[in-house]
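# show me the folded form of this:
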Amino acid sequence: MSKLKAVREQKNLTQEELSEKSKISVRTIQRIESGTEPKGHTLRALAQALEIPESSLQETMIAPETDTSKQETEVKPETEIQTMEEEPGINYSKIKLINLSSLLFVVLPPLNILAPLLLMFALKQRNTLARQIISVQMIWTAMAPIVFMLGIFLKLGRQFTLILMILIVLSNIFIILRNAASIDRNKKLYFKLNFNMI
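Modelled structure (predicted):
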């Protein structure tokens, strides 16, 4: 087992969570875990994200390459992992359902947070993606009334207020649908925050 995988599992991080934390792609993390040696920026970013010295990560990655018999037994399981879903434990169809559940309550802001939150627990998808979906909805729910109140204070008439309300609702629909498309294609969110609110 590579040092990167051992440390990642010891810190209870999935490949996707490490990817978000280090800003290194999941594919690159998979390659490193199957034997490729990290260098330069990749090495620094991973070491910083895992809070370990760069040299310790690099030295341990070099060691398996010198012992070929050990390397052969390690590469086989890693190859099997790459053929599976990109992130074990995350069911992307359930994540998409959690995301789309906000659409049902797009005009009732508190419920657009509650529906995905309940689904997250019901579908047992308490991962970074589900938390990000709910966090984005929480930010939108907080910002929508502020934008609406600013529009009212401008006193541009009832027509403007109605158009503003429609635009606010449409913006959330766009966020939800764009994230759903990104989950389908890239297995990640298009609109996300650098932090989780839950």
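
# what lies in contact with stretch 141-158?
Residues from elsewhere that reach stretch 141-158 (C-beta atoms under 8 Å, 6 or more residues apart in numbering): P109, P110, N112, I113, F160, T161, L164, M165, I168, N172. Every residue, glycine included, has its C-beta placed from N, CA and C.

# could you turn the buried ones of those into a PyMOL selection?
A single PyMOL command selects the buried members of the contacts of stretch 141-158 (16 or more other C-beta atoms under 10 Å):
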select buried, resi 109+112+113+164+168+172
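
# for the strand or helix carrying M149, which residues meet the burial criterion?
Per DSSP states H and E: M149 is located in helix 128-153. For helix 128-153, burial by neighbour count (16+ other C-beta under 10 Å) applies to 128-138, 140-141, 144, 151.

# centre-most residue in this structure?
Central residue of the chain (C-alpha atoms, centre = their mean): L129, 4.1 Å from the mean position.

# farthest pair within the contacts of stretch 141-158?
Spatially, the most separated pair among the contacts of stretch 141-158 is I113 and F160, at 27.6 Å (C-beta to C-beta).

# in this protein, which helix has the most residues?
When the chain is parsed with DSSP state H, its longest helix is helix 158-186.

# what about the helices in this structure?
Counting by DSSP H, one finds helices in the chain at the ranges 3-10, 15-22, 26-33, 40-50, 54-66, 68-83, 92-100, 111-122, 128-153, 158-186.

# go through these and name the closest to L193.
helix 128-153 (5.2 Å).

# would you check how far apart F191 and I98 are?
14 Å (C-beta to C-beta, to the nearest Å).

# who's more crowded, those two?
Taking neighbours as other C-beta atoms under 10 Å, F191 and I98 compare with I98 leading, 23 against 15.

# residues in contact with the more buried one?
Contact analysis of I98 by C-beta under 8 Å, 6+ apart lists P116, L119, M120, L123, Q125, A130, I133.

# now the fifth one. Its backbone dihedrals?
It refers to Q125. Main-chain dihedrals, Q125, degrees, to the nearest 10: phi -120, psi 60.

# buried members of the contacts of I98 into PyMOL, please.
Buried members of the contacts of I98, defined by 16+ other C-beta under 10 Å, are picked up in PyMOL with:
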select buried, resi 116+119+120+123+125+130+133
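
# turn the contacts of I98 into CSV, including distance to L13 and pLDDT.
Shown next, in CSV, are those (distance: C-beta to C-beta, whole Å; pLDDT from 0 to 100):
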residue, distance to L13, pLDDT
P116, 23, 91
L119, 24, 91
M120, 19, 90
L123, 21, 89
Q125, 17, 87
A130, 16, 88
I133, 19, 91
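
# just the contacts of I98 now: which is nearest S19?
A130 (16.1 Å).

# and the closest residue to K188 other than its chain neighbours, how many neighbours?
Excluding the flanking residues, the one nearest K188 by C-beta to C-beta, 6 or more residues apart in numbering is S182, at 6.1 Å. Residues near S182, counting by other C-beta under 10 Å, number 17.

# nothing else from me, thank you.
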